[in-house]
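S.K.: here's my sequence, what's the structure:
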Amino acid sequence: MVSSRLRRVSALLFTASLVSACGSGSSGGGAAPVPAPPATTAPVISLGPAGHAAAVGASVSFSVSATGSPTRYQWRRNGVDVAGATAPTYARVVDLTDDGTRFSVVVGNSVGEALSTDALLTVYPVPQLVPSCQSPGTIWFTMLPTNPVNAGVQVGTTIGGCQGPLRSVQWTQTAGAAVALLSDKSGAISFLPLAAGTYSFRADVVDTNGAAASATVDIPVVASADSTRVDVRNDQAVRQGGNVSLRAWPTLAPGDAVQSVTWKQTLGPPVIVDTSDPLRALFTAPMVAPDTIVGFTATLRTTQGNVATDEAFVLVESQAQAPNASEYVFSGDHVSRVYAYKPAGQYAAVLQRCVYDPQLQWAGGGKNTCPLVTLPFLAQDTGGNEPTVAQIMDRVVVSHDWIGAAFEQFISRSDMTDVRRLLNGVTAVVIGAHVRPSFYFGLTGAIYLDADNFWLTPEQRDVIDETPDFRSDFDRDLGYSGVWRYALNNNNIFQFFPPTSRSTRTVDYLVFESAWLHYHELGHAGDFLPPAVRGSLNPTLTAWDNIGPRYSASQLPSDALAQQLPLTSTIMRALAQVEFFGVTADATQRTYTPQQVGDFFRADRASDEYNYTTVREDIAMLFEEFMMYHRHGIRRDVAITDKITPATTGNTLIVRWGQRGRSGAAAVAPRVKLAVQNIAPWVDPNLVDVLPAPLDMRAGESWNANLILPAPPGTVSVQSLATPAARAADVWRLERAVRRQRGAGAAR
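M.R.: Take a look at the predicted model:
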């Protein structure tokens, strides 16, 4: 699965780029495995086992990763050793006697041992499998809450197709106090009724055969004086095989506290739920036919003995995903429901089917990708000039209307001139609540962005899938961490908005949150289709048919960069395959110290570890870092540090090597200039020559202390983590620092 998610266009077309990016590892390509040297330190657990909730009969698996060359493992059930459970992974078929048990693991070697935290297992009876469509010939069905609905608690309703997934849905409120419907074009709506009464809605749908129909639902809401309650956000619709997240929001009486939150599936085909964060349930939508409801309850127990429950429904749509065949554009990727943001826009009728349809084929007898005469690059409409906001918005595809509105506010800013010009290199912009990580795709000429970069209100944030980027633990076996951030005036530009609070953000903050992402993905677009060649596009051909010949002939700017100013460290290339592609680390790679890796990195001319993944990422990283400084005065920090563990804080994480603004280094700047000249020729390339020199971080001091560069007079004062909120913010910043391009994926 990992290889299919990370493939560029297809195995056939991208073999050459992957070979050039990978190089050979320190042990030599094809050489015999290097024996692991004797352990010199006790194991350190880098990724502990996660909690789960599952139905009776499910096979549940726990796993652990540790650095320090571990040689033995012993799993424990409620503190007692489990006979024969001596591998990094432990699986068992669960029954009701397992409900409430806690699993942990001891990891050891000749030097010492480490004990993981406990993982809670919740087990419940197999949920009911009630057919959604019980009458022959029925074209749709609705689902209402099964329990009385209290005012002040999130509630929802769903509509699904019986003969196939609905083509389109439009919800309209017809009675009751007005509520906001952020998902009014999906199969499920969720809203917060603040007063008692009956809330009525009409769903206008087009079924799988193109027939129009309407359904109405009434939801009675009663007043409640309960001071203890739990609110699950949100009822939602997702296609089969898609990631789902549900979040529980406790409300407590004064002086009370949360003792536990547990999850139970009540309806639908059984799934295994990740409850590593008890307030958040993560699972993969099951395969279904037809559309099917999956139901859950969250139960809150408090320290004062109060109990509250809430239910949530997830409509799983029976939309077929792409077959596992290389001729399909999205083979191996999940395609979620989206639509044109501007329904009357110039390209509204073709946008979704041209850029985000699971049945798109780019090659073979079933080839159906769109020619440019149907969906041209934006540059073909603008003549290469800066597009208007209206022209851009005609190319936007979203999963929710609020995403399009936030994106429009973002690109309308006066400091987004370069972003608007860079958008000339795309056919469309897809922004979805289930797009993660973000990426550029040469087969369609579009960019695909994670909606997490655009939310402004807590209600908008509620609809975004919280499933972590699947690459987040690829470096678990390495003995160091590579971290990054963007800094402005000695401040980290990324602010922490706790997922457990009803946070708001401003459009101004979106510059910090997503400008770098746009420069990165649009840097890919400018690499695959540089401004210099856009005047010679053949409108009768597809985006890839215009791009492919130059790609195959190694004529992209990234190819010129690799030929003229290549990266030279084969060790860093091989480590990048571990960190970002999930290749298993070999024995030698596991022993590299942070000091060694820092030496490997600084001797070369990359701006970040991610440059080593492929030549396409190399040029995009150089361009991104330059544009953040050129347009916003923001500089990038990159460092090699000690290994981050669950106990690490920004105050205890020690930097072994690091720099701020590495793009200004003498060895790196010529590479930056090549990127800028080719991707954004309207920017004066001589500005690269006046980039400020990099600021070296202070080896031996913490990541937090190195935020202030250069060192202030006297001793650097590191503020302690005095509150749980401060600790949570610190944990989040470290997680972000090691998530390579959060939301930024590969050029495909």
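
S.K.: now the residue most central in space within the chain: which helix or strand?
M.R.: When the chain is reduced to its mean C-alpha position, the nearest residue by C-alpha atoms, centre = their mean turns out to be residue 436, at 3.4 Å. Residue 436 is part of no helix or strand when elements are defined by DSSP states H and E.

S.K.: show me the contacts for the nearest residue to it once chain neighbours are set aside.
M.R.: Once its chain neighbours are removed from consideration, residue 436 has its nearest residue in residue 450; the separation is 4.9 Å (C-beta to C-beta, 6 or more residues apart in numbering). Any C-beta I mention is one placed from the backbone N, CA and C, and that applies to glycine too. Residue 450 sits next to 431-432, 435-438, 517, 743 when contact means C-beta atoms under 8 Å, 6 or more residues apart in numbering.

S.K.: sort these by pLDDT and name the bottom one.
M.R.: For the contacts of residue 450, the least confident position by pLDDT is residue 743, scoring 37.

S.K.: and the closest residue to residue 267 other than its chain neighbours, how far is that from residue 132?
M.R.: For residue 267, the nearest residue in space outside its immediate sequence neighbours is residue 295; the separation is 3.3 Å by C-beta to C-beta, 6+ apart. Summarising the geometry, the distance separating residue 295 from residue 132, computed by C-beta to C-beta, to the nearest Å, is 11 Å.

S.K.: repeat for residue 502
M.R.: For residue 502, the distance to residue 132 (C-beta to C-beta) stands at 33 Å.

S.K.: of those two, which one has the most company?
M.R.: Ranked by neighbour count (other C-beta atoms under 10 Å), residue 502 and residue 132 place residue 132 first, with 22 against 12.

S.K.: tell me the contacts of that one?
M.R.: Contacts of residue 132 were listed using C-beta under 8 Å, 6+ apart, and they are 141, 143, 160, 162, 290-293.

S.K.: by neighbour count, which of those residues wins?
M.R.: Neighbour counts for the contacts of residue 132, by other C-beta under 10 Å, peak at residue 291, which reaches 28 neighbours.

S.K.: surely that residue touches residue 143?
M.R.: No: with contact defined as C-beta atoms under 8 Å, residue 291 does not count as touching residue 143 (10.1 Å).

S.K.: ok, the closest residue to residue 455 other than its chain neighbours - how many residues close by?
M.R.: Distances taken as C-beta to C-beta, 6+ apart put residue 461 closest to residue 455, at 4.4 Å, once the chain neighbours are dropped. Other residues within reach of residue 461, judged by other C-beta under 10 Å, total 22.

S.K.: could you do residue 367 as well?
M.R.: Look at residue 367: counted by other C-beta under 10 Å, it has 12 neighbours.

S.K.: how about residue 554?
M.R.: Using other C-beta under 10 Å, the number of residues around residue 554 comes to 15.

S.K.: returning to that earlier point: which neighbours do residue 291 and residue 143 have in common?
M.R.: Shared contacts of residue 291 and residue 143, defined by C-beta under 8 Å, 6+ apart, are found at 132, 160, 315.

S.K.: from the residues you listed, pick the one nearest residue 153.
M.R.: Sorting these by distance to residue 153 puts residue 315 at the head of the list, at 19.6 Å, by C-beta to C-beta.

S.K.: among the contacts of residue 450, which two are most distant?
M.R.: The span of the contacts of residue 450, defined through C-beta to C-beta, is set by 432 and 517 at 14.1 Å.

S.K.: of the two, give the one with the bigger neighbour count.
M.R.: Neighbours of residue 432 and residue 517, each counted by other C-beta under 10 Å, are more numerous for residue 432; the result is 23 against 20.

S.K.: beta partners for that one?
M.R.: Beta-bridge pairing of residue 432 under DSSP bridges involves residue 450.

S.K.: which residues touch it?
M.R.: Counting by C-beta under 8 Å, 6+ apart, residue 432 makes contact with 336, 338, 398-399, 403, 448-451.

S.K.: show me what counts as buried in the longest helix anywhere in the chain.
M.R.: Ordering each helix of the chain by length in residues (DSSP state H) puts helix 507-528 first. Neighbour-count burial for helix 507-528, with 16 or more other C-beta atoms under 10 Å as criterion, is recorded at 510-528.

S.K.: now do stretch 465-475
M.R.: Neighbour-count burial for stretch 465-475 flags 465-469, 471, 474-475 (criterion: 16+ other C-beta under 10 Å).

S.K.: wait, doesn't residue 434 sit right on residue 238?
M.R.: Yes: using C-beta under 8 Å, residue 434 and residue 238 qualify as a contacting pair, with a distance of 7.0 Å.

S.K.: tell me which of the two has more neighbours.
M.R.: Comparing residue 434 with residue 238 by other C-beta under 10 Å, the one with more neighbours is residue 238, at 26 against 23.

S.K.: my read is that one is in a helix, agree?
M.R.: No: Residue 238: not assigned to a helix; according to DSSP: H, G, I helix; E, B strand; the rest coil it is strand.

S.K.: not counting sequence-adjacent ones, nearest residue to it?
M.R.: Nearest to residue 238 is residue 285, by C-beta to C-beta, 6+ apart, at 4.9 Å.

S.K.: what does that neighbour show for phi and psi?
M.R.: When quoted as degrees, to the nearest 10, the phi and psi of residue 285 stand at phi -60, psi 130.

S.K.: and the residue nearest to residue 267, which of the three is it?
M.R.: Applying three-state DSSP to residue 295 yields a three-state assignment of strand.

S.K.: low pLDDT regions in this protein?
M.R.: When residues are selected by pLDDT under 70, those of the chain lie in 1-38, 136, 470-472, 714-722, 739-748.

S.K.: re the thing from before, any residues in contact with both of residue 434 and residue 238?
M.R.: In the contact map built from C-beta under 8 Å, 6+ apart, the residues linked to both residue 434 and residue 238 are residue 336.

S.K.: just the helices in the stretch 301-450 of the chain please.
M.R.: Assigned by DSSP state H, counting those that start in this stretch, the stretch 301-450 of the chain shows helices spanning 351-355, 378-382, 389-393, 401-411, 417-422.

S.K.: could you dump the ones you listed to JSON lines with mean neighbour count?
M.R.: Formatted as JSON lines, the entries for the helices of the stretch 301-450 of the chain read as follows, by neighbours: other C-beta atoms under 10 Å:
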{"stretch": "helix 351-355", "mean neighbour count": "23"}
{"stretch": "helix 378-382", "mean neighbour count": "19"}
{"stretch": "helix 389-393", "mean neighbour count": "17"}
{"stretch": "helix 401-411", "mean neighbour count": "20"}
{"stretch": "helix 417-422", "mean neighbour count": "20"}
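
S.K.: ok, which of these comes nearest residue 626?
M.R.: Counting by C-beta to C-beta, residue 626 lies closest to helix 417-422 out of these; the figure is 10.7 Å.

S.K.: run the chain-centre distance for the closest one.
M.R.: Using C-alpha atoms, centre = their mean, to the nearest Å, the mean C-alpha position of helix 417-422 is found 24 Å from that of the whole chain.

S.K.: ok, back up a step: just the closest of the contacts of residue 132 to residue 542, please.
M.R.: Each of the contacts of residue 132 was scored against residue 542 by C-beta to C-beta, and residue 291 proved nearest at 32.2 Å.
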